[in-house]
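sequence below, structure please.
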Amino acid sequence: MRLRTRVTFLSTADGGRLTATGDGYHPQLRQGSTYTSCVLHSVPPGATFEPGHTYDVDVEPMSGQVPAGVLEFYEGSRRVATAGPVIRTEAAVIALIESDPEAMPVLRAAAALGLPDWWIGAGFLRNRVWNALTGRPAEPDRDVDVAYFDPADLDPATETAAETRAATLLPGRPWEIRNQARMHLRNGVAPYTSTLDAISHWPETATCVAVTLRAGRVALTCCHGPADLLDMVVRPSPAFDTPSGRAKVEQRLTAKGWLTRWPGLRLEI
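Below is the predicted model:
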């Protein structure tokens with residue numbers, strides 16, 4: 001099974017550069033105390049790997065699947081490249097968020113607002129996972145989408161007040177707080193039944209993901225399963241799986257510059 005990730009090459013056994021020819025470059029993939037033969041397929045084929053540089057590659061172990069965590073590649077006893085961490089499970093996503101010094105204060109501030117059935121979703125989570133998978137450095141949140149559900153109070157002023165309080169608790173963050181109990185009116189669809197029902201109707205499957213806090217620990221939901229998030233697949237959610245919906249996803253893909261930021265994305269539109 002191949003997995004596309006970003007690999008940083010350190011040095012070769014003879015200190016020179018590497019050129020992937022044929023089916024690729026063949027180092028050993030270290031997994032604990034054992035080593036497994038693997039192939040690093042360059043993207044595009046035939047690329048030259050310079051020590052100290054980072055490249056998009058497809059990692060293919062000769063047996064099994066790519067393990068979770070940081071990857072280390074060896075020529076003999078010399079470590080020649082690193083990648084990762086590889087995130088393959090929902091537990092690994094939770095660990096990623098809980099270890100993020102920028103994400104956790106946002107979640108704690110959101111919890112302090114006391115909003116019913118609150119979750120933070122979309123790019124707040126998706127971007128962190130995709131950056132970690134591809135070795136991109138952390139970047140400021142472009143928005144913090146806090147979704148909650150309160151059918152007893154549909155006044156937009158309540159959302160504005162919550163954003164003001166959130167900015168007081170944690171300034172400098174792009175808070176966007178919306179009561180999903182009224183979002184169906186804006187979207188022209190049937191009423192949602194909960195926050196997660198609303199999130200499941202967001203444009204891409206990898207965007208229909210969210211985190212919240214339960215007793216101080218991160219809880220994760222992937223409305224359509226975690227596979228597309230972890231495999232970096234852009235696919236319309238069921239609500240957007242129509243000609244007009246797919247066109248909207250394509251527009252978002254371009255407007256947000258996703259292929260520039262994550263050129264290894266797989267498009268299933």
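
wait, doesn't F149 sit right on P191?
No: using Cβ atoms under 8 Å, F149 makes no contact with P191, being 10.6 Å away. Every C-beta, even on glycine, is put in place using the N, C-alpha and C of the backbone.

overlap of the contact sets of the two?
A181 (Cβ atoms under 8 Å, 6 or more residues apart in numbering).

what separation do you get for the closest residue to V233 other than its chain neighbours and I97?
Distances taken as Cβ to Cβ, 6 or more residues apart in numbering put R266 closest to V233, at 4.8 Å, once the chain neighbours are dropped. Computed as Cβ to Cβ, to the nearest Å, the R266 to I97 distance reads 23 Å.

these two: who's more crowded?
Using other Cβ atoms under 10 Å as the criterion, R266 and I97 rank with I97 on top: 19 against 11.

so what's the more buried one up against?
So I97 contacts 103-104, 107, 125, 128, 211, 218, 220 (Cβ under 8 Å, 6+ apart).

now the two most distant members of those residues.
Taking Cβ to Cβ as the measure, those reach their widest spread between M104 and L220, a distance of 13.8 Å.

dead centre of this protein: give me the residue that sits there.
V129 (2.7 Å; Cα atoms, centre = their mean).

who are the neighbours of the one helix or strand that residue maps to, in terms of helices and strands?
Counting by DSSP states H and E, the element that carries V129 is helix 123-134. Under the contact criterion of 3 or more Cβ pairs under 8 Å, 6 or more residues apart in numbering; DSSP states H and E, helix 123-134 touches strand 3-9, helix 90-98, helix 103-112, strand 144-148, strand 209-214, helix 227-231.

would you reformat those as CSV and include mean pLDDT and distance to G24?
Putting the helices and strands packed on helix 123-134 into CSV (pLDDT from 0 to 100; distance: least, Cβ to Cβ, whole Å) gives the following:
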stretch, mean pLDDT, distance to G24
strand 3-9, 76, 11
helix 90-98, 94, 26
helix 103-112, 98, 35
strand 144-148, 98, 39
strand 209-214, 98, 32
helix 227-231, 93, 20
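
after the one helix or strand in the chain whose mean pLDDT sits lowest, next one along is what?
Lowest by mean pLDDT, DSSP states H and E among the helices and strands of the chain is strand 18-19, with a mean of 62. The C-terminal neighbour of strand 18-19 among helices and strands, as given by DSSP H and E, is strand 28-31.

now do that next one: which elements does it pack against?
Packed next to strand 28-31, using 3+ Cβ pairs under 8 Å, 6+ apart, are strand 34-42, strand 69-75.

would you mind writing the CA trace of stretch 217-224 as CSV?
Backbone C-alpha positions of stretch 217-224 (Å, rounded to 0.1, in the frame of the first residue of the first chain) are rendered in CSV as follows:
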residue,chain,number,x,y,z
ARG,A,217,-10.0,15.6,26.7
VAL,A,218,-10.4,15.9,22.9
ALA,A,219,-13.3,14.1,21.3
LEU,A,220,-13.3,13.7,17.5
THR,A,221,-16.0,13.1,15.0
CYS,A,222,-15.6,12.2,11.3
CYS,A,223,-19.2,12.4,9.9
HIS,A,224,-18.3,10.3,6.9
